[in-house]
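Engineer: Here is my input; please provide its structure:
(2 chains)
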Amino acid sequence: MGVSGGYSGFRVLKEGVFGQKGWKPVWRDPDPKPDYDIVIIGGGGHGLATAYYLAREHGLTNVAVLEKGYIGGGNVGRNTTIVRANYFLPGNSEFYSHSLKLWEGMEQELNYNVMHSQRGLINLFHSDGQRDAFARRGNAMVNQGDDAILLDREGVRAHLPYLDFDTARFPIYGGLYHPRGGTARHDAVAWGYARGADRRGVDLIQNCAVTGIDIEAGRVRGVQTTRGAIRARKVAIVTAGRSGQVAEMAGMRLPIESHVLQAFVTEGLKPVIDHVVSFGMGHFYISQSDKGGLVFGGDLDFYASYASRGNLPMAEHVMEAAMTLMPAIGKARVLRSWGGIMDMTPDGSPIIDKTETEGLFLDCGWCYGGFKAVPGSGFALAHLIATGRHHEPAAKFRLDRFRTGRGLMDEEGTGSQHNLH
Amino acid sequence: MRIPCPLCGPRDRREFAYQGAAVMLDRPAPDAGDAAWDDYLHNRANPCGETRDLWFHEAGCGAWLVVTRDTATHEVTGAELAETVASS
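Structural biologist: Presented below is the predicted three-dimensional model:
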């Protein structure tokens, strides 16, 4: 990356001296051209990362990213920013491992501060059986080359002294510690990839909703948009919770149901929670943002929804879980809550695949885990679009696994059926 | 969110368990083939707007309902007994 427009400590000092007048918009705002090699529908984290890796890894820059709203305004700006690689099943395990490695090099590579903070993630357990399951998961993570440490009760207490260890229903037996897990600044990830893609020649087109997908003789020819028709040799649908509507334009029905997942943030507090803490039995997890807000959430509301907001019963449930785990949180005041639209698959694992239409690709089904997958998903989809072959760590994210039953990745072991994950 | 149970009247959403799209009532024949079964089990229209889905009045009368509601606004516009829908 050249010095001009690059970020550095020196630049920050210089701009400070000259009244911060040298900062310029970091990506262009082009009108769509009539024709591209590749069109990516969806300017969220996954779509932007895909465009970036198409340019960087494959030298493909005649690419447009079409975003119906503004860059970073969808799920990439509506999550709880957790980054981890603690999956158990083959397929997921190698994918998230690769994605975490990309995270670890992201800031240097993008010359962009995404505030990636590997503060450590602790998943709590509350019974002997759960300890066995977590020991097994930890071994799978270590076998994958990632890090996992099984903590006993006192080990957890050394890290998280503020928890209530002796609740009647879920006394804390220990936790699985994933030191490389952590958080990142979600908007910055979108902005960093947007800037990186734009600088390599990708057109990021905002306020451009796709209204149709042109298919002739089984081959994709382009898209219709609110800013005119755009021809393209290849089109990728990377639209998360809206995947159902976009796929319908190509005559497809997907194994996806869109659900609402709520999250909450408190007023800014002094540093109190150093890690990401996950209390699975209470459907609760929490971390503290660099701004000081406690960021926490729970489980799905468990009904199909596009409302981007949930209902009060789940909000109450999350607050109860918070009070159970760490009664001190009762002193904090909740500032706001929001909901994201989760593209839920029957087995809870994602899809990165070709479709029956030649040149049309699909990247969706990230359920409630899409944020940490942003770099890995972009890398894998770019590889698939550019080479026609699946990227090895993402090779099991096939669309046909539901039809055939082969290669289902059901991390929770609850079954491959809607509404179980 | 309240659901107007035909047997119990309008009841709090917390009394109900959600199952999924009401297409689950249209079970294919056992020998319909794997494409039909795949479609039935997995693929969904997943509409943004009016939808019909199955709810179980778990903490009430125990009836299965087909609820008509809007996925964009959470407005509930109707509920029928699933057994009536299935037999019609």
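Engineer: before we move on, what SS does residue A:235 have?
Structural biologist: strand (DSSP: H, G, I helix; E, B strand; the rest coil).
Engineer: Please tell me how far the residue in chain B that chain A sits nearest to sits from residue A:119.
Structural biologist: Here the residue of chain B nearest chain A is residue B:46; by CB to the nearest CB that distance is 3.4 Å. Every C-beta, even on glycine, is put in place using the N, C-alpha and C of the backbone. Relative to residue A:119, residue B:46 is positioned 36 Å away (CB to CB, to the nearest Å).
Engineer: More neighbours: those two, which one.
Structural biologist: When residue B:46 is set against residue A:119 and neighbours are counted by other CB atoms under 10 Å in any protein chain shown, the residue ahead is residue B:46, at 27 against 17.
Engineer: got the contact list for the residue of chain B closest to chain A?
Structural biologist: By CB atoms under 8 Å, 6 or more residues apart in numbering or on different chains, residue B:46 lies in contact with A:244-245, A:254, A:256-258, A:304, B:21.
Engineer: Report the buried residues of stretch A:314-325.
Structural biologist: Of the residues in stretch A:314-325, A:314-315, A:317-319, A:321-322, A:324-325 count as buried by neighbour count, 16 or more other CB atoms under 10 Å in any protein chain shown.
Engineer: Tell me where the stretch 51-200 of chain A has helices.
Structural biologist: For the stretch 51-200 of chain A, applying DSSP state H, counting those that start in this stretch gives helices covering A:92-110, A:128-143, A:153-159, A:186-199.
Engineer: So which residues on chain A come close to chain B?
Structural biologist: Contact residues (CB under 8 Å from any CB of the partner chain) of chain A with chain B: A:242, A:244-245, A:248, A:253-258, A:302-307, A:311, A:313, A:346, A:402-403, A:417-419.
Engineer: Kindly recompute the last result at 6 Å.
Structural biologist: Residues of chain A that fall close to chain B, judged by CB under 6 Å from any CB of the partner chain: A:244, A:253, A:255-258, A:302-307, A:311, A:313, A:346, A:402-403, A:418-419.
Engineer: List of residues touching the lengthiest helix in chain B?
Structural biologist: Looking across chain B with DSSP state H, the single longest helix is helix B:34-41. Helix B:34-41 has contacts (CB atoms under 6 Å, 6 or more residues apart in numbering or on different chains) with A:403, B:28.
Engineer: C-terminal to that helix, what's the next element?
Structural biologist: Heading C-terminal from helix B:34-41, the first helix or strand you meet, by DSSP states H and E, is strand B:50-56.
Engineer: what's the offset of that following strand from the middle of its chain?
Structural biologist: 3 Å (CA atoms, centre = their mean, to the nearest Å).
Engineer: Repeat that for stretch A:205-216.
Structural biologist: 23 Å.
Engineer: Just give me the residue closest to the centre of chain B.
Structural biologist: Centroid-nearest residue in chain B: residue B:54, 1.8 Å away (criterion: CA atoms, centre = their mean).
Engineer: Could you check the pLDDT of that residue?
Structural biologist: Predicted confidence (pLDDT) at residue B:54: the value is 97.
Engineer: Now do it against residue A:168, distance only.
Structural biologist: Per CB to CB, residue B:54 is found 35 Å from residue A:168.
Engineer: just to revisit the earlier point, tabulate the buried residues of stretch A:314-325 (CSV), appending distance to residue A:292.
Structural biologist: Output for the buried residues of stretch A:314-325, formatted as CSV (distance: CB to CB, whole Å):
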residue, distance to residue A:292
A:314, 25
A:315, 22
A:317, 25
A:318, 20
A:319, 19
A:321, 21
A:322, 17
A:324, 23
A:325, 19
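Engineer: Residue A:10: which of those is nearest?
Structural biologist: Minimum distance to residue A:10 across the buried residues of stretch A:314-325 is 43.4 Å, recorded for residue A:322 (CB to CB).
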